[in-house]
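Novice: Structural data only, the sequence is not supplied:
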């Protein structure tokens with residue numbers, strides 16, 4: 001009997017060790033740097049993405065470099081984005097240009113500058129081990145909306161980077177629920193529902209699945225076009241389901 005004792009003890013120890021190794025580790029958050037302008041910070045898109053990801057058990061930690069009216073070219077020129085990428089490891093850099101730059105809506109050179117800046121940002125992100133994502137903007141008129149998405153997609157495809165279109169999803173939302181908070185009171189900047197829609201589209205790009213709809217609260221500065229206040233915004237389960245339902249459809 002004694003000769004069987006040592007193998008049994010070793011087998012028991014091996015089982016304990018195996019149980020220790022299989023204990024799941026805390027999931028590492030996906031780190032995202034947003035670079036944009038007032039279309040990015042009004043309604044605090046990074047904070048909404050983080051909150052949406054959290055309730056879907058996919059932790060995201062986002063930082064933001066954004067200034068009202070700023071172009072991607074300006075963020076390159078002032079060195080803010082490069083300093084951020086050098087100081088912290090990011091997995092993705094989400095780039096959002098001004099609303100009409102890719103279709104030359106803000107001057108004949110604006111589309112050229114936007115494409116050149118996207119190219120430089122892509123190289124900068126790659127140099128720091130991150131992947132660039134072009135987050136689209138939106139136009140309310142059908143022809144302008146289609147032209148904008150096509151121009152964004154062309155620029156992203158040329159550089160082989162991901163493009164998250166927004167404009168036609170936005171127009172689909174307005175068509176189905178015209179009284180929802182798609183736009184800020186100024187009629188230009190994104191409202192809470194559009195911010196959630198953008199967050200849902202980004203979530204799908206990051207994780208390959210659509211977020212599950214649920215009510216949640218964002219505890220963050222809900223900055224307006226001209227104001228910055230510490231506040232919260234609660235997305236009800238009903239609003240979350242409605243907005244994520246639009247994100248679930250194909251871009252019209």
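Specialist: Yep, it's here. Treat the numbers as computed from the prediction; the structure is a model and nothing was measured.
Novice: Report whether residue 220 is found in a strand, as I expect.
Specialist: Yes - secondary structure of residue 220 (DSSP: H, G, I helix; E, B strand; the rest coil): part of a strand.
Novice: For it, which residues are in contact?
Specialist: For residue 220, the contact set (Cβ atoms under 8 Å, 6 or more residues apart in numbering) comprises 44, 47, 48, 51, 232. Just so you know, the C-beta spots here come from the backbone N, C-alpha and C atoms, and that holds for glycine as well.
Novice: name the element the second one belongs to?
Specialist: Here residue 47 sits within helix 45-55, counting by DSSP states H and E.
Novice: Helix, strand, or coil at residue 153?
Specialist: Look at residue 153: counting by three-state DSSP, its state is helix.
Novice: That one: neighbour count?
Specialist: Residue 153 has 16 neighbours, counted by other Cβ atoms under 10 Å.
Novice: can you pull the pLDDT of it?
Specialist: Predicted confidence (pLDDT) for residue 153: 98.
Novice: Next, the closest residue to it other than its chain neighbours: phi, psi?
Specialist: Among residues not flanking residue 153 along the chain, residue 163 sits closest, at 5.2 Å (Cβ to Cβ, 6 or more residues apart in numbering). Backbone geometry at residue 163, expressed as degrees, to the nearest 10, gives phi -120, psi 130.
Novice: Only the buried subset of the contacts of residue 220, as a ChimeraX command please.
Specialist: Those of the contacts of residue 220 that count as buried under 16 or more other Cβ atoms under 10 Å are selected in ChimeraX with:
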select :44,47,48,51
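Novice: Same list (the contacts of residue 220) but as JSON lines, adding distance to residue 214.
Specialist: Shown next, in JSON lines, are these (distance: Cβ to Cβ, whole Å):
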{"residue": "44", "distance to residue 214": "19"}
{"residue": "47", "distance to residue 214": "17"}
{"residue": "48", "distance to residue 214": "14"}
{"residue": "51", "distance to residue 214": "11"}
{"residue": "232", "distance to residue 214": "16"}
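Novice: Switch the contacts of residue 220 over to JSON lines; also include pLDDT and distance to residue 67.
Specialist: Shown next, in JSON lines, are the contacts of residue 220 (pLDDT from 0 to 100; distance: Cβ to Cβ, whole Å):
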{"residue": "44", "pLDDT": "95", "distance to residue 67": "15"}
{"residue": "47", "pLDDT": "97", "distance to residue 67": "17"}
{"residue": "48", "pLDDT": "97", "distance to residue 67": "19"}
{"residue": "51", "pLDDT": "97", "distance to residue 67": "23"}
{"residue": "232", "pLDDT": "84", "distance to residue 67": "24"}
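Novice: of all the contacts of residue 220, which comes closest to residue 242?
Specialist: Distance to residue 242 across the contacts of residue 220 (Cβ to Cβ) is lowest for residue 48, with 15.3 Å.
Novice: Can you read off the backbone torsions of the residue nearest to that closest one when sequence neighbours are not counted?
Specialist: Distances taken as Cβ to Cβ, 6+ apart place residue 199 nearest to residue 48, at 4.5 Å, with adjacent residues excluded. With angles defined as degrees, to the nearest 10, residue 199 sits at phi -60, psi -40.
Novice: ok, now residue 162?
Specialist: phi -70, psi 140.
Novice: Bridged to it, which residues?
Specialist: residue 133 (DSSP bridges).
Novice: Distance-wise, check it relative to residue 109.
Specialist: Plainly put, residue 162 is 26 Å away from residue 109 if you go by Cβ to Cβ, to the nearest Å.
Novice: and the residue nearest to residue 48, how many neighbours does it have?
Specialist: Using other Cβ under 10 Å, residue 199 is surrounded by 29 other residues.
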